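J.: Need a 3D model of the sequence below.
(one chain, ligands or ions: 2)
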Amino acid sequence: MNIIKQTDSSLLALGNMDKKSTFEMTSQSKTKVSRVFSGVQPTGNIHLGNYLGALKQFVDLQDGNDCIYCIVDLHAITLPKDPGELRSSILDVAALYLAVGIDPKKSIVFVQSDVAGHAELSWILMCNSYTGELSRMTQFKDKSRGNESAPTGLFAYPVLMAADILLYDSDVVPVGSDQKQHIELTRDIAIRINNKYGEDTFVVPDGRFLKDGARVMALDDPTAKMSKSSENPHSLISLLDDEAKIRKSIMRATTDSDGEIRFDPEAKPGVSNLLTIYAALSGKTVADAEHEWSGRGYGDFKKAIVEVTIDALDPIQRRYAQIRSSDELVATLRNGAERAGAIAEKVMLRVKDRFGLGSAGAMIESGM
Ligand code: AMP
Ligand code: TRP
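T.: Ligands and ions are numbered 1, 2, ... in the order given. Sure thing, here's the model as predicted:
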């Protein structure tokens with residue numbers, strides 16, 4: 001069983017923890033720490049949903065676990081991207097990773113396409129996944145809706161994500177709950193291949209989802225998740241928004257007309273979302289936040305959310321400005337790619353061996 005050093009009562013689910021990770025697994029050893037892997041796409045500005053659902057977990061898990069955090073640029077080109085914009089988005093996300101508190105001395109931070117194994121393993125997994133299961137992925141259905149034909153990469157997106165995870169013998173994958181289906185698929189593919197090619201081919205990973213923050217909703221439409229692709233800038237708070245924008249977006253947030261501050265996502269999605277944001281940013285539980293605000297008005301509540309948001313984002317923005325303009329950022333990514341590459345190479349050798357791929361195995365076979 002994995003040892004997650006972090007004992008966090010706010011976790012919603014760790015999936016099943018009874019997998020085997022023995023022979024030749026790179027993250028192995030009898031009393032091993034968990035290998036943690038996650039990624040964020042370099043598209044647009046990172047928002048509060050990304051922060052509360054994913055990045056905060058990345059930081060919390062750093063101590064005592066073996067963490068690898070990736071900027072998944074290959075995923076970003078599943079929809080057309082301007083090369084110049086992509087280049088700067090990669091550095092934006094890298095700088096934000098560090099600004100929120102990911103420490104490159106503790107964790108590996110790197111860019112996906114710098115390690116060739118992601119695309120290579122992805123092909124092998126594609127040969128072991130089915131068009132039927134990929135057609136059921138809600139993210140694919142959402143992004144391809146209304147189009148007769150979609151890029152093959154958009155369809156294969158979850159297989160590349162499975163490759164990211166399996167390439168590092170990852171035990172735990174901290175993500176927002178929108179990625180649950182992709183994690184399940186990753187597990188299915190790993191188990192399927194293990195059954196066919198040997199139980200020790202892949203570590204079967206678990207998703208890690210927070211109870212509060214795993215799904216932050218759009219401020220203008222609390223029935224939809226906060227998303228980078230929204231057309232309304234006030235539907236989200238970017239981690240780099242200035243005070244005026246933060247104030248405007250929160251003060252405009254959709255609530256309801258009954259005037260009661262109560263956590264009830266079904267009947268009161270807007271207010272419940274605001275309670276989640278307020279609680280997560282002020283380090284309180286939702287229940288405490290609800291108690292604190294019970295009987296008070298929406299106007300004051302929103303003003304308090306503006307304040308906690310500014311307080312939380314201000315230090316991040318200061319660090320971001322320093323890091324983004326520093327030469328060390330690229331050096332950190334180069335170093336991360338080397339360290340990640342060394343782990344990936346070992347796993348690829350093992351996987352190719354299990355499948356009988358490549359000339360190395362053939363040479364042994366022919367007695368050379
Ligand atoms: P993406 O921006 O799609 O690359 O997502 C990066 C991470 O943020 C993933 O772990 C997502 O699950 C998480 N995430 C994205 N949107 C939200 C949201 N609205 N609420 C919580 N987590 C989110
Ligand atoms: N698909 C994830 C998202 O859209 C990003 C991602 C790519 C990822 N590869 C990953 C997350 C591996 C965790 C692990 O948010």
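J.: which residues sit against the helix or strand containing residue 58?
T.: Applying DSSP states H and E as the criterion places residue 58 in helix 56-61. With C-beta atoms under 8 Å, 6 or more residues apart in numbering as the contact definition, helix 56-61 has outside contacts at 4, 6, 8, 36, 38, 67, 69, 97, 100-102, 107, 172, 174, 208, 210, 213, 280. All C-beta atoms are positioned from the backbone trio N, CA, C, and that covers glycine.
J.: Can you report how many residues neighbour the residue nearest to residue 37 when sequence neighbours are not counted?
T.: When the adjacent residues along the chain are set aside, residue 37 lies closest to residue 170, with 3.8 Å between them (C-beta to C-beta, 6 or more residues apart in numbering). Neighbour count of residue 170, defined by other C-beta atoms under 10 Å: 24.
J.: Ok, residue 137 next?
T.: For residue 137, the number of neighbouring residues by other C-beta under 10 Å comes to 20.
J.: residues contacting the residue nearest to residue 37?
T.: For residue 170, the contact set (C-beta under 8 Å, 6+ apart) comprises 27, 35, 36, 37, 68, 203, 205.
J.: and the residues you listed, which two are the farthest apart?
T.: Largest separation among these by C-beta to C-beta: 68 and 203, giving 13.0 Å.
J.: Find residues that contact each of these two.
T.: The contact lists of residue 68 and residue 203 share 35, 170, where a contact means C-beta under 8 Å, 6+ apart.
J.: Just the helices from the stretch 201-350 of the chain, written as ranges.
T.: Under the criterion DSSP state H, counting those that start in this stretch, the stretch 201-350 of the chain carries helices at the ranges 243-251, 269-282, 286-293, 298-324, 328-355.
J.: Quick one: closest of those to residue 223.
T.: Ranking these by distance to residue 223, with C-beta to C-beta as the measure, places helix 269-282 first at 5.7 Å.
J.: The residue nearest to residue 37: which element?
T.: Assignment of secondary structure by DSSP H and E places residue 170 within no helix or strand.
J.: what do you get for residue 39?
T.: Applying DSSP H and E as the criterion places residue 39 in strand 35-40.
J.: If I take that strand and helix 328-355, what angle do their directions form?
T.: Taking axes from the mean of the first three to the mean of the last three C-alpha atoms, to 10 degrees, one finds strand 35-40 and helix 328-355 inclined to each other by 120 degrees.
J.: List the buried residues of strand 35-40.
T.: Burial within strand 35-40, assessed by neighbour count using 16 or more other C-beta atoms under 10 Å, is assigned to 35, 36, 37, 38, 39, 40.
J.: out of those, who's nearest residue 117?
T.: When those are compared for distance to residue 117 (C-beta to C-beta), residue 37 comes out closest, at 12.8 Å.
J.: what's the helix or strand harbouring residue 155 in contact with?
T.: Secondary-structure assignment from DSSP H and E places residue 155 in helix 152-166. With C-beta under 8 Å, 6+ apart as the test, helix 152-166 has contacts from 37, 39, 70, 72, 74-75, 77-79, 112, 117-119, 121-122, 124-126, 129, 131, 134-135, 137, 139-140, 143-144, 173, 179, 181-183, 185-186, 189-190, 202-203, 205, 347.
J.: That helix close to ligand 1?
T.: No: taking C-beta under 6 Å from any ligand atom as the criterion, helix 152-166 and ligand 1 are apart, separated by no less than 9.9 Å.
J.: relative orientation of that helix and helix 328-355 in degrees?
T.: Orientation note: helix 152-166 sits at an angle of 90 degrees relative to helix 328-355 (the same axes, to 10 degrees).
J.: buried sites along helix 152-166?
T.: By neighbour count with 16+ other C-beta under 10 Å, helix 152-166 contains the buried residues 154-166.
J.: picking that back up, please pick the buried ones from the contacts of helix 56-61.
T.: Looks like those have 4, 6, 36, 38, 67, 69, 97, 100-102, 107, 172, 174, 208, 210, 213, 280 buried, using 16+ other C-beta under 10 Å.
J.: Which entries in those are shared with the contacts of ligand 2?
T.: Intersecting these with the contacts of ligand 2 gives residue 38 (criterion: C-beta under 6 Å from any ligand atom).
J.: What about the buried ones among the contacts of helix 56-61, which are in strands?
T.: Per DSSP state E, strands hold the following members of those: 36, 38, 67, 69, 172, 174, 208, 210.
J.: pull the CA atoms of the strand holding residue 39 into PDB?
T.: Listed next in PDB are the C-alpha coordinates belonging to strand 35-40 (Å, rounded to 0.1, in the frame of the first residue of the first chain):
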ATOM      1  CA  ARG A  35       5.400   8.900  -6.500                       C
ATOM      2  CA  VAL A  36       3.000  11.800  -7.300                       C
ATOM      3  CA  PHE A  37       2.400  13.100 -10.800                       C
ATOM      4  CA  SER A  38       0.200  15.800 -12.300                       C
ATOM      5  CA  GLY A  39       0.100  18.200 -15.100                       C
ATOM      6  CA  VAL A  40      -1.500  21.500 -16.200                       C
END
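J.: now check it, is it near ligand 1?
T.: Yes: interface with ligand 1: strand 35-40 contributes residue 40 (C-beta under 6 Å from any ligand atom).
J.: Could you report the pLDDT at residue 228?
T.: You'll see residue 228 listed with a pLDDT of 89.
J.: tell me the mean pLDDT over stretch 293-311?
T.: Here the average pLDDT along stretch 293-311 is 97.
J.: got the buried residues for that stretch?
T.: For stretch 293-311, burial by neighbour count (16+ other C-beta under 10 Å) applies to 293, 298, 301, 302, 304, 305, 306, 307, 308, 309, 310.
J.: and what of stretch 64-81?
T.: Buried-residue list, stretch 64-81, by 16+ other C-beta under 10 Å: 65-78.
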